[in-house]
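Participant: heads up, no residue letters with this:
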């Protein structure tokens, strides 16, 4: 399961803007405790959030935007569209995500998982009528997701500092680079680009964002109500989920302060 994304950017240029903004965020670094304060320094390193002051500012902005615009739209969507229809829409969107998962399965050298992903996509695209129905799961081909951020992690690249991206939400330096790479190697986005149908890309990305937010309304509401510090809770949840995804669900080899809470799956999964 992965942390829900509120938006999917409509063009490569938007990702360039995010990349440049990432450099600007370094101007808001937290003060690093002196090495002599062993406990404070250890806590600082454990959180791996040197950009916390700026991250908290961006987090608040994202929360305001969500409450003012995104959440009301998602609530209205759930009210108007009955659940069985919403589930069919989710199936279609998940099927369109399979090609990206397949690419990353291959890059990670995961032959079995790649075969499963390929089988799911072919089966659901045909027997499942364009992915409307998840027929493959009944054939013991269970869904999983992969992105280039996970691939970098599988290759041994560290996650880097925690980062809250405007509009997109929780991330890390590694995952932000991964998001940029996914734009270029996502077969679905490439096909949409080549189709050159006006508005098709916007419809795809908008539907993905709406579907993700609508499925997580109750979970996020409960999280907000139960969290003393929502920012810290979301930071912890995101990093735990991403670490588990990099391990493909396998238990951690060395338990640390994050991994002992590794069964914390706060969010329904989506790309």
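Facilitator: Cool, the structure landed. Just so we're clear, the structure is a prediction, and the values are computed from it rather than from any experiment. Numbers count the residues shown, from 1 in each chain.

Participant: Residue 206: neighbour count?
Facilitator: 15 (other C-beta atoms under 10 Å). Yep, even glycine has a C-beta here, placed from its N, CA and C like the rest.

Participant: Please renumber the chain so that the first residue is 16 from this point on.
Facilitator: With 16 as the first residue, the last one maps to residue 221.

Participant: pretty sure it is in a helix, no?
Facilitator: Yes - under DSSP: H, G, I helix; E, B strand; the rest coil, residue 221 sits within a helix.

Participant: And it, what's its pLDDT?
Facilitator: Predicted confidence (pLDDT) for residue 221: 92.

Participant: With residue 216 instead?
Facilitator: We have a pLDDT of 87 for residue 216.

Participant: Tell me if I'm right that it and residue 206 touch.
Facilitator: No - when contacts are counted by C-beta atoms under 8 Å, residue 216 is not listed as touching residue 206 (10.3 Å).

Participant: out of those two, which sits in the busier spot?
Facilitator: Applying other C-beta under 10 Å to residue 216 and residue 206 shows that residue 216 carries more neighbours, namely 17 against 12.

Participant: Wasn't the more buried one part of a helix?
Facilitator: Yes - assessed by three-state DSSP, residue 216 belongs to a helix.

Participant: Identify the residue spatially nearest to it, adjacent ones excluded.
Facilitator: Distances taken as C-beta to C-beta, 6 or more residues apart in numbering put residue 207 closest to residue 216, at 4.9 Å, once the chain neighbours are dropped.

Participant: Could you check how many residues crowd around that neighbour?
Facilitator: Residues lying near residue 207 (other C-beta under 10 Å) number 18.

Participant: Much appreciated, bye for now.
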